[in-house]
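A.B. asks: Starting from these lines, generate the structure:
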Amino acid sequence: MLKENKLLIQSIVIAIVSFMVALYFQKIWLALFLALITAVAFIGRLLSMSKSTLPNKASYRFIYSLFVIMVVFHAISFAHNYGRKDFQKDLLLNIRKTIEKGISKAEIQQKLVYVLQIYHTQEKESIVETAKEIMPENFSGDGIYITELEIREADKPGEKTDDNMNHFYTIDEQQDEIRVYAVSDIALGENPNYKNYDGQTGRFEIMFVLNKEGVDYEVLN
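C.D. replies: As a prediction, this is how the structure comes out:
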């Protein structure tokens with residue numbers, strides 16, 4: 001077997017093993033770095049082995065210069081992408097937070113507004129009783145608020161929704177007030193030390209309030 005073929009096989013094995021081991025420990029950037037180092041070492045060794053087969057030193061220097069340029073380019077590209085990873089992560093989390101806020105308002109606020117409308121138009125005696133009458137399926141009885149998405153998902157077991165929000169509620173009979181809390185499993189809030197309603201820390205949390213005065217919401221974190 002030619003030396004070049006042996007070198008190629010060895011490099012492939014080393015690249016796969018080092019990449020998979022780092023990836024197994026969820027070190028994605030380390031895996032990419034090790035793969036890059038292996039590729040550079042392979043090309044560098046291949047270039048040195050081919051030095052004797054080149055017609056003259058000028059050809060070797062030209063190819064070596066291209067090799068150096070390629071290595072520098074990939075090193076700069078790797079460093080640039082690595083430096084932007086936190087920015088991209090924060091950007092995606094902010095986008096996720098905006099989406100979850102919009103979904104929560106659509107899922108919860110609109111339902112509470114409808115309850116308030118029925119309360120006033122039909123002159124009901126209690127906001128709480130009106131809510132229990134109109135949306136009994138949303139109140140689980142153990143403080144967990146069940147959204148319309150979750151109800152539809154229960155009706156269609158094969159249909160999965162991308163809902164990573166936890167929902168809870170409290171009922172104050174004396175104040176005739178209902179509060180619904182939505183806590184994200186993914187999106188981060190402004191305060192990393194904030195204690196969320198469900199026991200998490202630093203997650204995005206929004207609260208909706210329904211009483212006789214109207215429906216309001218507040219981003220708690």
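A.B. asks: Could I get the buried residue list for stretch 136-151?
C.D. replies: Along stretch 136-151, these residues count as buried under the neighbour rule (16 or more other CB atoms under 10 Å): 138-139, 145-147, 149-150. C-beta coordinates here come from the backbone N, C-alpha and C atoms, glycine included.
A.B. asks: so how far does it reach from one end to the other?
C.D. replies: This stretch, stretch 136-151, spans 12 Å end to end (CA to CA, to the nearest Å).
A.B. asks: Okay, domains of this structure per the record?
C.D. replies: Annotated domains of the chain cover 3-89, 95-219 [automatic domain parsing].
A.B. asks: what are the ranges of the strands in this structure?
C.D. replies: 165-172, 177-188, 203-211, 214-219 (DSSP state E).
A.B. asks: Tell me which of those lies nearest to Ala58.
C.D. replies: Nearest to Ala58, of all the strands of the chain, is strand 177-188, at 56.9 Å by CB to CB.
A.B. asks: distance between the helix or strand of the chain with the lowest mean pLDDT and the chain's centre?
C.D. replies: Lowest by mean pLDDT, DSSP states H and E among the helices and strands of the chain is helix 148-155, with a mean of 72. What separates the centre of helix 148-155 from the centre of its chain is 23 Å, taken as CA atoms, centre = their mean, to the nearest Å.
A.B. asks: rewinding a little: looking at the domains of the chain, which one has the lowest mean pLDDT?
C.D. replies: The minimum mean pLDDT among the domains of the chain belongs to domain 3-89 (a mean of 81).
A.B. asks: Measure how far that domain is from the centre of its chain, please.
C.D. replies: 30 Å.
A.B. asks: what about it, start to end distance?
C.D. replies: Where domain 3-89 begins and where it ends lie 44 Å apart, using CA to CA.
A.B. asks: any idea where the helices of this structure begin and end?
C.D. replies: Per DSSP state H, the chain carries helices over the ranges 3-24, 28-49, 57-104, 110-121, 127-134, 148-155.
A.B. asks: Can you tell me which of these is packed in deepest?
C.D. replies: Across these, averaging neighbours per residue (mean count of other CB atoms under 10 Å) puts helix 127-134 on top, at a mean of 18.
A.B. asks: distance of Leu47 from Ile151?
C.D. replies: As judged by CB to CB, to the nearest Å, Leu47 and Ile151 stand 64 Å apart.
A.B. asks: scratch that, Thr121 is what I was asking about
C.D. replies: 25 Å.
A.B. asks: sorry, back to before: now do the least confident helix or strand of the chain against helix 57-104, angle only.
C.D. replies: Orientation check (axes from the mean of the first three to the mean of the last three CA atoms, to 10 degrees): helix 148-155 against helix 57-104 gives 90 degrees.
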